[in-house]
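*Asks:* below are the sequence and a predicted model for it; my questions follow.
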There are 2 protein chains.
Amino acid sequence: MAYDRELVERVLAEARDTVLDEIRRLLERNRLTGYGPLYDLVEDYPFREGKGLRPAILLSSAQAAGGRVDEAQGSAAALELYHNAFLVHDDVEDGSDYRRGRITMLRAHGAAVAVNVGDATNVLAMQLLLHNVERIGVHKSLLVLREVERMARESVEGQAIELQWIADRRFDLADDDYVRMAHKKTCWYTVIAPLRIGTLCGHPAGVGFPLEADLLPLVELGHLAGIAFQVADDLLNLEADQGLYGKEIGGDLWEGKRTVMLIHFLRTAREATRRRAIKIVETPREDKEPEDVAWLFQAMQEAGSLAYGHTFAQEYAQRALEVDARPLPYFGDGDNRRFLREMLSYVVERVR
Amino acid sequence: MAYDRELVERVLAEARDTVLDEIRRLLERNRLTGYGPLYDLVEDYPFREGKGLRPAILLSSAQAAGGRVDEAQGSAAALELYHNAFLVHDDVEDGSDYRRGRITMLRAHGAAVAVNVGDATNVLAMQLLLHNVERIGVHKSLLVLREVERMARESVEGQAIELQWIADRRFDLADDDYVRMAHKKTCWYTVIAPLRIGTLCGHPAGVGFPLEADLLPLVELGHLAGIAFQVADDLLNLEADQGLYGKEIGGDLWEGKRTVMLIHFLRTAREATRRRAIKIVETPREDKEPEDVAWLFQAMQEAGSLAYGHTFAQEYAQRALEVDARPLPYFGDGDNRRFLREMLSYVVERVR
């Protein structure tokens, strides 16, 4: 899947700048009127270099739908803040040591501060969404709020499903189980909501907009792209982990996360191997032995589980491209429309 | 301060029922369309017996302002959910064992589940606030959302101030420091926002409503009542702790919380006593010795710190009654208006 790398990287970089500008102004306003040190902490995660995929999808959708950047800027920044709040809390939930190459909020300031900073980040996101009223009017602002509520609800449900697997010590999972969980946990946050919210913000709204039926292809597209993205991200974590970073990064094998690759391995391994693997996965992170994790990685590789994951991600990306090839409602042509197509290849190509 | 106990208890009980009805329906809707087990967990805290003070203030304000219960019911339930989300996270932040006489979400299901359940509770609160549109229209719904954003922002700032005191190991606090922190952490959540949101929901809105200037007395009233409430609550915790429950309840002395009483004690104690007290307060909860905590409680009692707290709470309640005695905008007469007055005495009287 060849793709226009220059276009993708330019749009991602622009989106990051747009959103960070907005977040910087927001923090400045709140520092002036509120308790400053809190906002210094809130600033940490968003300004760690991320891909900026979510804001890029949102801003491109808005422009492809005929809107201006400034009509979607607040929503894009809000989404990025919700995402960062989620990351801060996720690091507490997983007991993670590192995030984007630096020590987590949890390890730097403890669980109490991290939970509160995550909550504060959510509050600022809501503040931005309420400012939308002055930018895109009451009607669209309320529609965006509804989308955000849906997105956040899907995410906590996805998170709950995954936590329940851990509590129930479940390993007999099928790919479909994984896809249902990731649909909620990843797809809504990462692709579906950015596509829908961008379209809402940018569309020259008229009578009857939006028709839920017209937004449905965006759910399908976002679902397929989101699964491709998540599996590719898990592959990147797995492979980069062993090669470049070693234990310090705290990859998914260390955290016992159920990925498509691990599920494949457990499904296909012989009983004794399966038992050994489960024992390693279930060992608390701090008690794990590097040799055990190395063995598991090696065994997964030899069993073809990583290759399986690559094919899995490729297939979802391919299906996403097919949905994308159909005429999508609301979207015109141009670079922004092209970005939405090109990034579908980007998300799986970057792990090759 | 005599007060109409029958009235206060009746209004509190009615408000609890109204709000729990609403929350029950909300959970039922979300179980039908979403991942059910998550909502079983969300249900836990709200249905533990609380006082119901916040919803009672909100619903009474709405009715005193001329509105109906059903116009404020969704907002009252949302506020109760925000409060419960805050409690679930607060228990994680403080590492608490018990809440309302039962084991905390943290201890029953671990930090990961507790953080996620708190987040999910926030999402449901937002869902209710968006349903407001059908009940009280777009304009009022947006105003309520703004109030909630403000309230949540004040709370995370108050929490941040308190956590910073712990991080900085600060004990040289004046009453004013405490009042500034509690204004943000308690007063907005517990009294100011319920008063303002109730008024917004219930008022027969017309041109020019609300005037921020007209809502200001509610901030003053809520500030004074909120401080009285918090100090009284801390006294209840301290005294009930030692008398009835012992260590299991996990009172403020065990958690090292800076209260007006502890601040008074540290301010007035001789140097050696002060040093010993600080050492006890700073010892992690699980390493604390019951005899040390008992000594500290005894010493605080002998130093008059508990009596100081009682007087402090009484004075704030008295000042609240004086503000309340002035004609407050928007409020008519009747039982609901009377409740707002009577509960000012109730919050300090229940600790006598």
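*Replies:* That came in fine, so what should we check first? Numbers count the residues shown, from 1 in each chain, chains lettered A, B, ... in the order given.

*Asks:* so where do the helices sit in the stretch 101-250 of chain A?
*Replies:* For the stretch 101-250 of chain A, the helices defined by DSSP state H, counting those that start in this stretch occupy A:105-167, A:175-182, A:193-202, A:212-240.

*Asks:* what residues of the lowest-mean-pLDDT helix or strand in chain A count as buried?
*Replies:* Least confident helix or strand, chain A: helix A:252-255 with a mean of 82, by mean pLDDT, DSSP states H and E. Buried residues in helix A:252-255, counted by 16 or more other C-beta atoms under 10 Å in any protein chain shown: A:252-254. For the C-beta atoms, the positions are set from N, CA and C on the backbone; glycine is no exception.

*Asks:* how about JSON lines for those, with distance to chain B added?
*Replies:* Conversion of the buried residues of helix A:252-255 to JSON lines gives the following (distance: C-beta to the nearest C-beta, whole Å):
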{"residue": "A:252", "distance to chain B": "15"}
{"residue": "A:253", "distance to chain B": "18"}
{"residue": "A:254", "distance to chain B": "15"}
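
*Asks:* now for residue A:296: which residues touch it?
*Replies:* Residues near residue A:296 by C-beta atoms under 8 Å, 6 or more residues apart in numbering or on different chains: A:253, A:277, A:280-281.

*Asks:* make a markdown table from the residues you listed and add secondary structure and distance to residue A:68 to it.
*Replies:* Below are the contacts of residue A:296 laid out as a markdown table (DSSP: H, G, I helix; E, B strand; the rest coil; distance: C-beta to C-beta, whole Å):
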| residue | secondary structure | distance to residue A:68 |
| --- | --- | --- |
| A:253 | helix | 45 |
| A:277 | helix | 52 |
| A:280 | helix | 52 |
| A:281 | helix | 48 |
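
*Asks:* re earlier: just say which of the helices of the stretch 101-250 of chain A is most tucked in.
*Replies:* Of these, the one with the most neighbours on average (mean count of other C-beta atoms under 10 Å in any protein chain shown) is helix A:193-202, at a mean of 29.

*Asks:* hmm, it touching chain B?
*Replies:* No: using C-beta under 8 Å from any C-beta of the partner chain, helix A:193-202 stays clear of chain B, coming no nearer than 13.1 Å.

*Asks:* what is that helix packed up against?
*Replies:* Packed against helix A:193-202 by the contact rule (3 or more C-beta pairs under 8 Å, 6 or more residues apart in numbering or on different chains; DSSP states H and E) you find helix A:53-64, helix A:69-94, helix A:105-167, helix A:212-240.

*Asks:* quick one: contacts of that helix?
*Replies:* A:54-55, A:57-68, A:71-72, A:75-76, A:79, A:136, A:140, A:143-144, A:147-148, A:150-151, A:210, A:215, A:218-219, A:221-222, A:330-331, A:340.

*Asks:* next: stretch A:264-276.
*Replies:* Under the criterion C-beta under 8 Å, 6+ apart, residues A:171-172, A:174-175, A:277-278, A:299-300, A:303-305, A:308-309 lie in contact with stretch A:264-276.

*Asks:* now it: buried residues?
*Replies:* A:264-267, A:269, A:273.

*Asks:* pLDDT on that stretch, on average?
*Replies:* Per-region confidence: stretch A:264-276 scores 97 on mean pLDDT.

*Asks:* ends of it, what's the gap?
*Replies:* Start to finish, the residues bounding stretch A:264-276 are 15 Å apart (C-alpha to C-alpha, to the nearest Å).

*Asks:* circling back: got TSV for the buried residues of stretch A:264-276, with distance to residue B:48 and secondary structure too?
*Replies:* TSV is the format used below for these (distance: C-beta to C-beta, whole Å; DSSP: H, G, I helix; E, B strand; the rest coil):
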residue	distance to residue B:48	secondary structure
A:264	43	helix
A:265	43	helix
A:266	39	helix
A:267	42	helix
A:269	45	coil
A:273	46	helix
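
*Asks:* which one of those is nearest chain B?
*Replies:* residue A:266 (21.7 Å; C-beta to the nearest C-beta).

*Asks:* now distance to residue A:117 too, for the contacts of residue A:296, in CSV please.
*Replies:* Output for the contacts of residue A:296, formatted as CSV (distance: C-beta to C-beta, whole Å):
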residue, distance to residue A:117
A:253, 28
A:277, 36
A:280, 33
A:281, 30
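
*Asks:* of these, which pair is most distant in space?
*Replies:* A:253 and A:277 (9.8 Å; C-beta to C-beta).

*Asks:* wait, doesn't residue A:158 sit right on residue A:181?
*Replies:* Yes: taking contacts as C-beta atoms under 8 Å, residue A:158 lies within contact range of residue A:181: 5.5 Å.

*Asks:* contacts only, for the spatially closest residue to residue A:187 that is not a sequence neighbour.
*Replies:* Excluding the flanking residues, the one nearest residue A:187 by C-beta to C-beta, 6 or more residues apart in numbering or on different chains is residue A:226, at 2.9 Å. Neighbouring residues of residue A:226 by C-beta under 8 Å, 6+ apart: A:182-183, A:186-188, A:190-192.

*Asks:* kindly report the same for residue A:4.
*Replies:* By C-beta under 8 Å, 6+ apart, the neighbours of residue A:4 are A:338, A:342.

*Asks:* helix, strand, or coil at residue A:258?
*Replies:* Put simply, residue A:258 is coil when judged by DSSP: H, G, I helix; E, B strand; the rest coil.

*Asks:* what's it sitting at in phi/psi?
*Replies:* Here is the backbone geometry of residue A:258 (degrees, to the nearest 10): phi -80, psi 110.

*Asks:* measure it to residue A:136 for me?
*Replies:* Distance of residue A:258 to residue A:136, computed by C-beta to C-beta, to the nearest Å: 39 Å.

*Asks:* try residue A:149
*Replies:* For residue A:149, the distance to residue A:136 - C-beta to C-beta - is 17 Å.

*Asks:* compare the helices and strands packed on helix A:193-202 and say which comes out lowest on pLDDT.
*Replies:* helix A:212-240 (a mean of 91).

*Asks:* now the angle from it to helix A:105-167?
*Replies:* 110 degrees (axes from the mean of the first three to the mean of the last three C-alpha atoms, to 10 degrees).

*Asks:* redo the helices of the stretch 101-250 of chain A as a markdown table? Include distance to residue A:6.
*Replies:* Converted to a markdown table, the helices of the stretch 101-250 of chain A look like this (distance: least, C-beta to C-beta, whole Å):
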| stretch | distance to residue A:6 |
| --- | --- |
| helix A:105-167 | 30 |
| helix A:175-182 | 30 |
| helix A:193-202 | 22 |
| helix A:212-240 | 20 |
